[in-house]
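**Q** Here's a sequence, model it:
(one chain, ligands or ions: 1)
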Amino acid sequence: MLTWKQIFHSFALLLGVSVVSTAALAIAPSDLTLTQVVPNGSFNHPIGIRAPNDGSGRLFVIDRCVSEGSSATTGSIKIVKNGAVLATPFLTIPNVACVSEQGVIGLAFDPNYASNGTFYVVNTASGVKIGASEDQVLTRYTVSANADVANATGTVVMRVPDIASNHNGGDIHFGPDGFLYWSMGDGGVQGDPNGFAQCTGRKSADNTPSTCHTIGSGVIYYLLGKIIRVDVHTTTASAAANMCASTPGQPAQYSIPPGNPFASVATFPNECAEIFNWGFRNPFRFSFDRSNGDMYIGDVGQNTYEEIDYQPAASVGQNFQWNACEGFHTYPGGAAGCAPAFGGVPPKIDYPHSGTCAVVGGYLYRGPIQQLRGQYIFSDYCSSAIYISANPAPASATWTYVTLGSAPFTPGGIVYGFGEGSDGNLYVADDGHGTIWRFTSGFIFQDGFEGH
Ligand SMILES: [Ca+2]
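**A** Below you'll find the predicted structure:
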């Protein structure tokens with residue numbers, strides 16, 4: 001039998017009346033909460049959680065560094081196994097710079113980790129710099145004969161020069177295509193006066209955006225304000241001129257996927273072939289929907305608005321409009337309705353600074369809580385509240401979201417990042433308590449996901 005509400009909705013749909021359903025603004029499931037996985041103080045500065053697809057059930061936590069603010073400290077990857085943090089880190093990385101937003105900031109397991117034992121780490125390396133600030137370094141590591149300990153020494157795949165210690169992006173993920181994606185901030189100078197985010201070639205730091213592609217004097221920067229896509233399974237014998245992070249004619253530890261927007265050196269001799277999409281200020285955390293390959297990007301704003309960007313699976317080359325737009329608003333100025341800039345696309349969500357300051361991109365939930373599946377979960381560094389977009393439909397121009405109430409993060413926790421277990425469970429990295437949390441609900445059993 002139809003309820004009165006359903007009958008009203010049926011009539012409204014027939015009449016073409018727009019229906020705002022209050023039910024859609026509720027949290028589903030209603031008992032959604034966070035459950036602490038390990039004790040407070042288990043990590044120094046947890047920033048992300050990753051899991052290899054190796055059947056082990058282990059979680060690997062990125063511990064950004066020991067001494068925040070130090071230009072010469074260490075960072076590590078730690079293992080949570082059978083509910084406890086192993087005493088010996090999986091990997092300790094020496095000589096890490098951890099000023100401002102630096103540190104060990106990215107980890108991705110090879111899709112074939114179970115057979116090749118290979119994984120990748122991004123960190124800012126103490127004292128290693130091409131530009132004005134420490135380089136962002138991508139390194140390939142392997143596991144040792146002990147499955148819980150990695151070999152200490154890796155192979156540097158790529159170095160990218162940086163201009164300041166903030167806006168480093170630094171998230172890495174393998175896409176459904178098997179290529180590695182790496183997010184890169186605009187460098188860090190406020191407002192991106194050099195125009196790095198919109199320059200798809202090489203450029204000097206001359207405070208003149210129009211000089212993109214003109215190699216001036218001083219340090220030459222590239223790939224800032226981008227998400228790049230590279231094939232880390234295939235080396236290059238002789239780098240083409242448009243492999244910006246390599247020396248032309250020299251070997252490289254990566255190659256260019258043919259589908260990248262500027263892959264062809266004949267067509268794009270002055271662009272950077274590594275680029276996948278661009279126009280970012282600081283795409284600090286991003287993710288792929290493990291179900292369909294859609295990409296969700298949290299791009300940290302300047303002074304006024306934060307934004308969530310969306311790149312559909314199998315598409316390439318979207319420009320997300322920094323530094324002309326900040327969310328749906330103009331930059332500078334903050335006027336509503338930023339006209340499409342640079343031929344780019346707007347975000348799906350923006351929100352103003354109000355107890356908030358920096359978006360922390362999350363995940364499209366695909367875990368065991370059936371009622372939560374298909375919803376996009378993210379946070380903000382300053383509020384550290386959990387935000388849930390119930391219906392992030394690709395065709396919708398804007399997505400709404402609700403705030404998870406009475407979360408353990410209010411107050412005291414600091415959300416730095418998220419991560420999925422190999423079973424799809426979603427975790428939160430809490431820098432304030434030095435721990436991680438898992439999304440939980442009693443409906444997991446009622447849904448029949450477990451217990452049958
Ligand atoms: Ca930077």
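**Q** where does the residue nearest to Phe90 when sequence neighbours are not counted fall, helix, sheet strand or coil?
**A** Nearest in space to Phe90, with sequence neighbours left out and distances taken as Cβ to Cβ, 6 or more residues apart in numbering, is Ile77 at 4.5 Å. Bear in mind the C-beta positions are built from the backbone N, C-alpha and C, glycine included. Under DSSP: H, G, I helix; E, B strand; the rest coil, the three-state class of Ile77 is strand.
**Q** burial of Ile77, as a residue count?
**A** The tally of other residues near Ile77 (other Cβ atoms under 10 Å) stands at 21.
**Q** quick one, what contacts it?
**A** Contacts for Ile77 (Cβ atoms under 8 Å, 6 or more residues apart in numbering) come out as 60-63, 89-91, 104, 107, 121, 150.
**Q** do that again at 10 Å, thanks
**A** 48, 50, 60-63, 89-93, 104, 107, 119, 121, 141, 150 (Cβ atoms under 10 Å, 6 or more residues apart in numbering).
**Q** Who is it paired with across the strands?
**A** Beta bridges link Ile77 to Ile62, Leu91, judged by DSSP bridges.
**Q** Quick check: it vs Ala240, distance?
**A** 33 Å (Cβ to Cβ, to the nearest Å).
**Q** How about Val230: what's its closest non-neighbour residue?
**A** In space, Val230 is closest to Tyr254, 4.3 Å off (Cβ to Cβ, 6+ apart).
**Q** Hmm, the one you found is touching Glu274, no?
**A** Yes. Counting by Cβ atoms under 10 Å, Tyr254 touches Glu274, with 8.1 Å between them.
**Q** Which residues are in contact with each of the two?
**A** Joint contacts of Tyr254 and Glu274 (Cβ under 10 Å, 6+ apart) are 158, 228, 230, 243, 245-246.
**Q** how about the nearest residue to Phe109, chain neighbours excluded?
**A** Pro52 (3.9 Å).
**Q** before we move on, which element is that neighbour in?
**A** Take DSSP states H and E as the rule and Pro52 turns out to sit in neither a helix nor a strand.
**Q** Could you tell me which residues make contact with the closest residue to the ion within the stretch 101-250 of the chain?
**A** Nearest residue of the stretch 101-250 of the chain to the ion (Cβ to the ion) works out as Gly188 at 3.8 Å. Shown in contact with Gly188 (Cβ under 10 Å, 6+ apart): 100-101, 132-133, 162-168, 196, 224, 281-282.
**Q** Please narrow the residues you listed to those residing in strands.
**A** The strands, defined by DSSP state E, take in 133, 162 from these.
**Q** Near the ion, list only the ones from the contacts of Gly188.
**A** Among the contacts of Gly188, the ones lying near the ion by Cβ under 5 Å from the ion are 162, 164, 167-168.
**Q** which of those has the most neighbours?
**A** Asn168 (30 neighbours).
**Q** roughly how far apart are it and Ser133?
**A** 9 Å.
**Q** what's the overlap in contacts for these two?
**A** Common neighbours of Asn168 and Ser133 (Cβ under 10 Å, 6+ apart) are 100, 102, 124, 162, 187-188.
**Q** quick one: pLDDT of the closest residue to Lys81 other than its chain neighbours?
**A** The shortest distance from Lys81 to any non-neighbouring residue, by Cβ to Cβ, 6+ apart, is to Arg58 (5.0 Å). pLDDT recorded at Arg58 is 98.
**Q** What's the separation between Arg58 and Ile369?
**A** From Arg58 to Ile369 the distance is 21 Å (Cβ to Cβ).
**Q** the more surrounded of the two?
**A** Ile369 (24 against 19).
**Q** So what does the more buried one look like in phi/psi?
**A** phi -80, psi 100 (degrees, to the nearest 10).
**Q** Can you name the residues that contact it?
**A** Counted by Cβ under 10 Å, 6+ apart, Ile369 has contacts 28-29, 31-32, 375, 424-426, 439-444, 447, 449.
**Q** Can you select the buried ones among the shared contacts of Tyr254 and Glu274 for me in PyMOL?
**A** PyMOL command restricting the shared contacts of Tyr254 and Glu274 to the buried ones, with burial defined by 16 or more other Cβ atoms under 10 Å:
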select buried, resi 158+228+230+243+245+246
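**Q** where's the closest residue to Thr304 other than its chain neighbours, which helix or strand?
**A** The shortest distance from Thr304 to any non-neighbouring residue, by Cβ to Cβ, 6+ apart, is to Gly334 (4.7 Å). Assigned by DSSP H and E, Gly334 falls within no helix or strand.
**Q** Pull the number of nearby residues for Gly334.
**A** 15.
**Q** cool, His173 as well?
**A** Neighbours of His173 using other Cβ under 10 Å come to 21.
**Q** What lies in contact with the host helix or strand of it?
**A** His173 is part of strand 172-174, with elements assigned from DSSP H and E. Outside strand 172-174, the residues that touch it by Cβ under 10 Å, 6+ apart are 48, 50, 105-113, 119-122, 138, 179-183, 227-228, 232, 285-288, 295.
**Q** Cool, thanks, talk later.
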